[in-house]
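Q: sequence unavailable; structure follows:
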């Protein structure tokens, strides 16, 4: 039996799928990958189809999972402009975390996967390599 349960969003994407598979292969972990539709190929983790933009769907489906201890958010939906991207991606993160918190007796850790856009890669030239201590670009920024 697993000691820890991790929910990983973006399970159809490269990062989310890899993270969920690594947890699933680690003794003591139950890994559940979340995405709107099931992966089109074999995976080592459980999968749950859920629409992170639908709070009710999140509450119903994530709420049925017991023993949630860890969250990894690797989902992302692009939009035509930054304001729309911020609104959509913040909503997905909030719906995910709120549903998991309501279902859990205590979340131990939350990981938010980000990328080079936090440093402004989509705005033009930026310092490379980027480092964690580098400043992020001026808002809006859908990562936080």
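A: Cool, got the structure. The structure displayed is predicted, hence computed values, not measured ones. Numbering: from 1, shown residues only.

Q: residue 24 reaches residue 44, doesn't it?
A: Yes - the criterion here is C-beta atoms under 8 Å, and residue 24 meets it with residue 44 at 4.2 Å. Quick note: C-beta positions are derived from backbone N, CA and C, even for glycine.

Q: more neighbours: the two, which one.
A: Neighbour totals were compared for residue 24 and residue 44, and residue 24 leads with 19 against 13 (other C-beta atoms under 10 Å).

Q: what residues are up against the more buried one?
A: Each residue near residue 24 by C-beta atoms under 8 Å, 6 or more residues apart in numbering is listed here: 30, 31, 43, 44, 45, 46.

Q: any stretches of this structure with poor pLDDT?
A: Along the chain, the parts satisfying pLDDT under 70 run over 137-144.

Q: domain boundaries for it, per the record?
A: As given by automatic domain parsing, the domain ranges for the chain are 4-113, 116-144.

Q: quick one on the thing from earlier: name the residues contacting each of residue 24 and residue 44.
A: Taking C-beta under 8 Å, 6+ apart as the contact rule, residue 24 and residue 44 both touch residue 31.

Q: counting neighbours, what do you get for residue 33?
A: Using other C-beta under 10 Å, residue 33 is surrounded by 30 other residues.

Q: my bad, should have said residue 2
A: 15.

Q: which residues touch it?
A: Contact analysis of residue 2 by C-beta under 8 Å, 6+ apart lists 28, 29, 30, 67.

Q: what is the most widely separated pair among the residues you listed?
A: 28 and 67 (12.0 Å; C-beta to C-beta).
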